[in-house]
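Student: Fold the following, please.
(2 chains)
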Number of protein chains: 2
Amino acid sequence: MSILNVELDTRSYPIHIDQGLLTSSSLISQHIRGKRVCIVSNTVVQPLYLEQLKASLSDFDVDQVILPDGESEKSLSNFDTIMSHLLSGAHGRDTTLIALGGGVIGDITGFAAACYQRGIDFVQVPTTLLSQVDSSVGGKTAVNHPLGKNMIGAFYQPTSVFIDIDTLKTLPIREFNAGIAEVIKYGILGDYDFFVWLEENIDAIKANDPQVLSRMIERCCELKAQIVSEDEKEGGVRALLNLGHTFGHAIEAEQGYGKWLHGEAVATGMVLAAKLAVELNIIQTSDLRRIEALIGAFDLPLVAPADMGFEEFMRHMKRDKKNLAGKLRFIVPTKIGHSEIRDDITEEQLKNIL
Amino acid sequence: MSILNVELDTRSYPIHIDQGLLTSSSLISQHIRGKRVCIVSNTVVQPLYLEQLKASLSDFDVDQVILPDGESEKSLSNFDTIMSHLLSGAHGRDTTLIALGGGVIGDITGFAAACYQRGIDFVQVPTTLLSQVDSSVGGKTAVNHPLGKNMIGAFYQPTSVFIDIDTLKTLPIREFNAGIAEVIKYGILGDYDFFVWLEENIDAIKANDPQVLSRMIERCCELKAQIVSEDEKEGGVRALLNLGHTFGHAIEAEQGYGKWLHGEAVATGMVLAAKLAVELNIIQTSDLRRIEALIGAFDLPLVAPADMGFEEFMRHMKRDKKNLAGKLRFIVPTKIGHSEIRDDITEEQLKNIL
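Tutor: Next up, the predicted model:
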């Protein structure tokens, strides 16, 4: 088993990565204070893993909230559902919430834990590749608002994260590939060697080789943990993790959440960011081609939806919460393995690539 | 002008106390980063002070959300109203929220600031005595849930607090007295000399003497700031601030929020806490009498509603978020100027006083 530590003073926590973690009762139990637990999951994950997890928690008084599946469920209304459930079950400040599912479940459960009685413990058990390499680490929690994604939320760290590689066996291929988009992101923004390693291991990754997946997820978590430790609340370097996200969020918002998976939109967003870098003359075209090739190898989209041009992108991007004082902000790669934050991009330059 | 500092590392902030602060534009402006401000207030405070405050903010792009008045408005639904307003106005992370009003406005605005895009600046301009001496200091923010008060919230500190004594001139006498309940609380829980000073200044306080009010509010904020600096998230000593609140919240919940003012319920709660201390033989009966006398001098209720007995109190108190592992928790005074946390109170002892 790999154990990584996210260093955040009193809020530091371990990330465990291995096969078979869900059924390892003593390990999970060690990381729960108190006697009561409430698992939050969804209707897709419940039949697959809920009973396994509950069996590992036989020492605890275990309760559950099962939400419908989908990005549209990451709502203030379902947040209220969790609150009502906890209150009617007379849960106190010593209850631990466990998020069993993908990014939607992790984000809404984390936000619920942040706000219930002003904060209770929560544990992340991410079951999708996307949530294992991205959303379960770093403490960004949120729900969506009809006017924008992740607009209501908090920075709130879990007390521990358990990444069970075995859960990837049941993940639909399209979702697996969407998760790979975020994996590739780490290579582009900060680790050339990892990017090369990914290029060399495309087949092993697609074949679900547990050793390769384990190493891949570990490296992503390591990179994320390092960035989050340096900059928990995104005052600086953490913004780099948004590579591809400004364009990506615009695609998701324009298409309606759920049509494009988040990772798919980020994949296209990264290609657009690299094209912007070419337009700015700060990256070699050969790097753009390698980025496109690796993303394409996982059947991820390389171009924006046909009905989205400059106007459609701008409408959504102007509302992006990464913008400051009305200026648009972009993360652009300068080479594979290095990116920077730019807020001096002109509309002209955007028009040329969109 | 008095300036107190709440010491919380990077989240430290000043509390300004004086007459005429609302019209002192340069002072408030200094404490706002960015160019945009959104004032949250209610229909009662708006006609009294909104234009004054806006005139002081002429350098900023000022927006506003006006909520109906009352404790029942401290809801997730109005929280959503603020979020929608901010999003449709395309407010970014550099907008500052200003809470102009009493505790309800301060609490919901603070929670909105904590959650909007995972946290933006907010400034407290409390206009009631209760909020000036209690809720505007310390960073407890929340909304109510039908199943419990302040159950959804966050610890989130303002960037500064402006207490304008002049706003007390328009405060209804019943609300003023309710605020005095929290003032008396500070004397009972931690400052004998202040309790004596209050006994000696009853008439001056009732006459709204600005010097006396200023000194009184300053001492309360000082005591609260000190406790909050020691224990921001209520792991220990901060719990003392809940003196009278376990009984008080039960009264508010049973009567329906708004019938009894919060301060009135806390007044009776403090008398019950002192009676419990007499029952436990840890306080002199003469201290109970002095507490009753000072509370009574401000026309505050000394006994629980006639229809509330042991059963009614227990039903609500069992749900109190201060309880841990099913044990009821009470703050009880051992003498005027000193209190302690007890979680060993028996049902028998409670029956004797309720």
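Student: Output the set of residues of chain A in proximity to chain B.
Tutor: A:34-35, A:76, A:80, A:83-84, A:87-88, A:90, A:92-94, A:114-119, A:140, A:142, A:145-148, A:150-155, A:233, A:318-319, A:321, A:323-326 (CB under 8 Å from any CB of the partner chain). From N, CA and C alone the C-beta is placed, and that goes for glycine too.
Student: Which among those count as buried?
Tutor: Among these, those buried by neighbour count (16 or more other CB atoms under 10 Å in any protein chain shown) are A:34, A:76, A:80, A:83, A:87, A:92-94, A:114-119, A:140, A:142, A:145, A:148, A:150-155, A:319, A:321, A:323.
Student: still on that earlier bit, I'd like the list of the residues of chain A next to chain B that fall within strands, please.
Tutor: Here DSSP state E is the test, and the residues of chain A next to chain B give A:Lys140, A:Ala142, A:His145, A:Gly148, A:Asn150, A:Met151, A:Ile152, A:Gly153, A:Ala154, A:Phe155 as lying in strands.
Student: what residues are up against the nearest residue to the third one once chain neighbours are set aside?
Tutor: Looking back up the chat, that one is A:His145. Distances taken as CB to CB, 6 or more residues apart in numbering or on different chains place A:Met151 nearest to A:His145, at 4.4 Å, with adjacent residues excluded. By CB atoms under 8 Å, 6 or more residues apart in numbering or on different chains, the residues touching A:Met151 are A:Ala142, A:Asn144, A:His145, A:Lys321, B:Met83, B:Leu87, B:Tyr116, B:Gln117.
Student: Quick check: the gap between A:Met151 and B:Ile66.
Tutor: 22 Å (CB to CB, to the nearest Å).
Student: same question, A:Ile345
Tutor: Between A:Ile345 and B:Ile66 the distance is 38 Å, computed by CB to CB.
Student: And A:Glu279, by the same measure?
Tutor: 46 Å.
Student: got it, and A:Val44?
Tutor: Computed with CB to CB, the distance linking A:Val44 and B:Ile66 is 43 Å.
Student: go on, A:Gln132?
Tutor: Relative to B:Ile66, and taking CB to CB, A:Gln132 is found at 45 Å.
Student: go on, A:Leu280?
Tutor: On the measure of CB to CB, A:Leu280 and B:Ile66 end up 45 Å apart.
Student: I'd say A:Arg33 and A:Thr95 touch.
Tutor: No: using CB atoms under 8 Å, A:Arg33 is not in contact with A:Thr95, being 9.8 Å away.
Student: Wait, a helix at A:Leu50?
Tutor: Yes: under DSSP: H, G, I helix; E, B strand; the rest coil, A:Leu50 falls within a helix.
Student: mind listing what it touches?
Tutor: Neighbour list for A:Leu50: A:Ile39, A:Ser41, A:Gln64, A:Ile66, A:Leu100 [criterion: CB under 8 Å, 6+ apart].
Student: so which of those residues is the most crowded?
Tutor: A:Leu100 (29 neighbours; other CB atoms under 10 Å in any protein chain shown).
Student: Please enumerate residues in contact with the host helix or strand of that one?
Tutor: Assigned by DSSP states H and E, A:Leu100 falls within strand A:96-101. For strand A:96-101, the external contacting residues (CB under 8 Å, 6+ apart) are A:32-34, A:36-42, A:44-45, A:49-50, A:53, A:105-106, A:109-110, A:112-113, A:116, A:120-128, A:131, A:136, A:158-159.
Student: In helices only, show me the residues you listed.
Tutor: Among the contacts of strand A:96-101, the members falling in helices (DSSP state H) are A:Leu53, A:Ile105, A:Gly106, A:Thr109, A:Gly110, A:Ala112, A:Ala113.
Student: Next, count neighbours for the fifth one.
Tutor: Each residue near A:Gly110 was counted by other CB under 10 Å, and the total is 27.
Student: Could you tell me the model confidence score at it?
Tutor: Per-residue confidence (pLDDT) for A:Gly110: 98.
Student: residues touching the residue nearest to it when sequence neighbours are not counted, list them.
Tutor: Nearest residue to A:Gly110, sequence neighbours excluded (CB to CB, 6+ apart): A:Thr141, at 3.2 Å. Neighbour list for A:Thr141: A:Gly106, A:Asp107, A:Ile108, A:Thr109, A:Gly110, A:Phe111, A:Ala113, A:Ala114, A:Gly153, A:Ala154, A:Phe155, A:Tyr156 [criterion: CB under 8 Å, 6+ apart].
Student: Looking at the residues you listed, which is nearest chain B?
Tutor: Among the contacts of A:Thr141, A:Gly153 lies closest to chain B (CB to the nearest CB), at 4.7 Å.
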